[in-house]
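Asks: prediction below, plus the sequence it came from.
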Amino acid sequence: MISFENTEIAFQSKSDNDLKKAYWLFKIIASPSIVKMGKWGTNLALSTGLPIKGLIKRTIFSQFCGGESISDSEPTITLLAKFGIGTILDYSIEGKTTDEDFDATVDEIIATIQKARNNADIPFAVFKVTGIGRFDILEKANTFDADLTEAEQIELSTIIDRIDRICSAAHKADVRVFIDAEESWIQDVIDRITLDMMRKYNGKRSIVFNTVQMYRHDRLEFLREQIRVARDEQFYLGIKLVRGAYMEKERARAEKLNYPSPIQPDKAASDRDFDSALELMLENISILTLCAGTHNERSSLYLTELMERFNIGAADKRIWFAQLLGMSDHISYNLAYHGYNVAKYVPYGPVKEVMPYLLRRADENTSVAGQTGRELGLIMKERQRRKDGVR
């Protein structure tokens, strides 16, 4: 039986110094006021050119990122692989707006795919559509019958061509690729494009994956419809299941614009639908591959129980677990130790470009009830175990 309390396994890759650094980092993140002040100070220092890059690299960057480039991330890939955990290289720059930048990002994502080719240590690639196209165009195109100008239609076609370039490269390299979920007011158009890519490239196996956020109350029915379409049209689904990352923003926008919120009424409803979706996926595992992207211990354990109920072995490549680098090692390492397929999202990119991602990580750790406290408690438990010399 898997226990997520086994800190010896959870932190087997961490030195005593690594644990000490992680302890103080999560201590800082546990304080909303310090995080708020730190965000302000970091942005000010970076915008004025103060030399704080080294400090950032030694602290929050080293906890949550693999490096500034693919090659820089190699030690992280190797270390994770030593403990049976795969790497998902995530080029995490944000806020770009020019075609030149978007095309450069496409090239970088394809470079991660080439890195993953024939490399069992890198089981997936990933990208965000807003990293390769303007948010405004996606928002306007979100409505199926949107009245786009000719210039906007050309721009949307360019975005679709970029997505197709990435998915084509993944298909040729036989590397599975996640298309990340985004805000609900651009998600419909992303869903439509992703479904077309699955029709095109998932004829023999799941190559292209959509990401489904179960904190939305309509996603369970969405999944049922996706399964129906895949069965009718005879292609394989790729599904990455997550709870979601834009709850406060979604609710605020719905209230401001006076439309029904797409978000579940409470966490219990999100948890219920997430677990129902896991069961739905396993009932249809013959036509899909599932990645459960979750930091939730109960859902992770529930998936292992479902696998046993459906007579699916721990190492079956149709089912994966995924967590973020620097978080929930007690889940990742204990699952991998027991033979399950596990991968870590490993963000990378130039420090200044990755800061929006890192500051969001700090915010999420502060706002998610119990997350930082749980991380701290486990780190403290392992430090004490080592101090006591327990083996």
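Replies: Thanks, I have it. Residues are numbered from 1 along each chain as shown.
Asks: list the contacts of the helix or strand containing Thr211.
Replies: The secondary structure element spanning Thr211 is strand 208-213 (assigned by DSSP states H and E). Contact partners of strand 208-213, identified using Cβ atoms under 8 Å, 6 or more residues apart in numbering, comprise 124, 167, 170-171, 176-181, 187, 191, 194-195, 197-198, 201-202, 219, 222-223, 226, 237-246, 277, 289, 291, 293. In this view, the C-beta of every residue, glycine as well, is placed from N, C-alpha and C.
Asks: how does it look with 6 Å?
Replies: Outside of strand 208-213, the residues within contact range by Cβ atoms under 6 Å, 6 or more residues apart in numbering are 167, 177-181, 194, 197-198, 201-202, 219, 238, 240-242, 244.
Asks: do the same with stretch 148-160
Replies: Around stretch 148-160, the neighbours that count as contacts under Cβ under 6 Å, 6+ apart are Gly133, Ile137, Ala141, Ile193.
Asks: in CSV, list the residues you listed along with secondary structure and neighbour count.
Replies: Formatted as CSV, the entries for the contacts of stretch 148-160 read as follows, by DSSP: H, G, I helix; E, B strand; the rest coil; neighbours: other Cβ atoms under 10 Å:
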residue, secondary structure, neighbour count
Gly133, coil, 26
Ile137, helix, 21
Ala141, helix, 23
Ile193, helix, 22
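Asks: which pair of the residues you listed spans the longest distance?
Replies: By the measure Cβ to Cβ, those have their two most distant members at Ile137 and Ile193, which lie 12.2 Å apart.
Asks: how about the helices in the stretch 1-150 of the chain?
Replies: Counting by DSSP state H, counting those that start in this stretch, the stretch 1-150 of the chain forms helices over residues 7-10, 16-29, 32-48, 53-56, 62-64, 74-82, 99-116, 135-141, 150-173, given from the N-terminal end onward.
Asks: now for the ones you listed, which one comes closest to Leu324?
Replies: For the helices of the stretch 1-150 of the chain, distance to Leu324 was read as Cβ to Cβ. The smallest value, 7.0 Å, belongs to helix 62-64.
Asks: return the distance of the closest one from the chain's centre.
Replies: Shown here is helix 62-64, whose average C-alpha point lies 15 Å from the average C-alpha point of the whole chain (Cα atoms, centre = their mean, to the nearest Å).
Asks: go on, stretch 299-312?
Replies: 21 Å.
Asks: tell me the buried residues in it?
Replies: Buried residues in stretch 299-312, counted by 16 or more other Cβ atoms under 10 Å: Ser299, Ser300, Leu301, Tyr302, Leu303, Thr304, Leu306, Met307, Ile312.
Asks: hmm, who's touching that stretch?
Replies: Outside of stretch 299-312, the residues that reach it under the criterion Cβ under 6 Å, 6+ apart are Phe274, Asp275, Leu278, Leu282, Ala292, Thr294, Ile331.
Asks: make CSV from these and add neighbour count, secondary structure and pLDDT to it.
Replies: Formatted as CSV, the entries for the contacts of stretch 299-312 read as follows, by neighbours: other Cβ atoms under 10 Å; DSSP: H, G, I helix; E, B strand; the rest coil; pLDDT from 0 to 100:
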residue, neighbour count, secondary structure, pLDDT
Phe274, 27, helix, 98
Asp275, 17, helix, 97
Leu278, 23, helix, 98
Leu282, 18, helix, 98
Ala292, 22, strand, 98
Thr294, 22, coil, 95
Ile331, 23, helix, 97
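Asks: closest one of those residues to Val342?
Replies: Ranking the contacts of stretch 299-312 by separation from Val342, with Cβ to Cβ as the measure, puts Ile331 on top at 8.3 Å.
Asks: which residues touch the closest one?
Replies: Taking Cβ under 6 Å, 6+ apart as the contact definition, Ile331 lies against Phe4, Ser300, Gln323.
Asks: gap between it and Thr294?
Replies: Taking Cβ to Cβ, to the nearest Å as the criterion, Ile331 is separated from Thr294 by 8 Å.
Asks: what of Ala125?
Replies: Note on Ala125: its distance to Thr294, by Cβ to Cβ, is 20 Å.
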